[in-house]
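build me a model:
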Amino acid sequence: MLGTIGITPEIGLAFATPVLQRVVPGHEQAGPELARAVRAAQARDGGVAVSNAGGWQSRPDLWTWPGPALDWYRAAVDDAVRRISALPQQVADLTAVEVDYEASAWANVNRAGDYNRIHIHPTAHWAVVYYVETGAADPARPGSGQIELFDPRPLALTSRQPDYGFGRGLAFDPAPGMLLLFPAWLQHMVHPYTGEAERITIAANVTLLGGRHSGLG
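So this is what the prediction gives:
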């Protein structure tokens, strides 16, 4: 069945929306330098306002920032793009995956009460969120600062089936080093953060320019 992901010989997932979630190896070493770079940029620049309600958002030039930790971050995003690009053909060897893309990235610093409104990234193919620091969790607010992805099928709301999650959002509890990649057209938001320490994230837009999977024609 074209356009489906097989579960059994008789059942496939049609209209499936791929979401990549992983904790990137090496984040413990790269995190402090990334945090310093973000705070230094925040000290120099008042930032911009886009989907953020409160907090600070850098200009979208982080992809070009210099430094070993930024090189590490770019490699982590590249790895995620290769992983998601390999999915349709079930390619196990990521070195065989060639994908041409452009990327832009920006940093976010949230404090208590800050959040991001529901939005999409209309000029990109993939959206990426990476968690540098997640701050101190508020035990009284388990949903504090969660990022939520919304079911893109509006008619699914008319027939909720809990076993399948039709019409429900998909929420993630942030953790240091966690990276999420999902289609940029997927509506998402960040719930109000209620922790005491700052939360630092890096978001990126990835726009595909072409590509191929070596050996697959």
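
by mean pLDDT, flag the weakest helix or strand of the chain.
Lowest on mean pLDDT, DSSP states H and E among the helices and strands of the chain sits strand 4-6, with a mean of 71.

quick one: strands adjacent to the next helix or strand after it?
Using DSSP states H and E, the helix or strand that follows strand 4-6 towards the C-terminus is strand 12-14. Strand 12-14 pairs in its sheet with strand 4-6 (antiparallel), by DSSP bridges.

strands along this protein, start to end?
Using DSSP state E, the strands of the chain run over residues 4-6, 12-14, 20-23, 52-53, 56-57, 97-110, 115-119, 126-133, 147-149, 170-172, 178-183, 188-190, 199-213.

now the ones you listed as JSON lines including mean neighbour count?
Where C-beta positions appear, they are placed from N, C-alpha and C, glycine not excepted. Listed next are the strands of the chain as JSON lines, based on neighbours: other CB atoms under 10 Å:
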{"stretch": "strand 4-6", "mean neighbour count": "12"}
{"stretch": "strand 12-14", "mean neighbour count": "12"}
{"stretch": "strand 20-23", "mean neighbour count": "14"}
{"stretch": "strand 52-53", "mean neighbour count": "17"}
{"stretch": "strand 56-57", "mean neighbour count": "21"}
{"stretch": "strand 97-110", "mean neighbour count": "19"}
{"stretch": "strand 115-119", "mean neighbour count": "16"}
{"stretch": "strand 126-133", "mean neighbour count": "23"}
{"stretch": "strand 147-149", "mean neighbour count": "19"}
{"stretch": "strand 170-172", "mean neighbour count": "16"}
{"stretch": "strand 178-183", "mean neighbour count": "20"}
{"stretch": "strand 188-190", "mean neighbour count": "23"}
{"stretch": "strand 199-213", "mean neighbour count": "19"}
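
any chance of these in TSV, plus distance to residue 90?
Formatted as TSV, the strands of the chain follow (distance: least, CB to CB, whole Å):
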stretch	distance to residue 90
strand 4-6	9
strand 12-14	13
strand 20-23	15
strand 52-53	37
strand 56-57	37
strand 97-110	11
strand 115-119	32
strand 126-133	19
strand 147-149	23
strand 170-172	23
strand 178-183	18
strand 188-190	27
strand 199-213	10
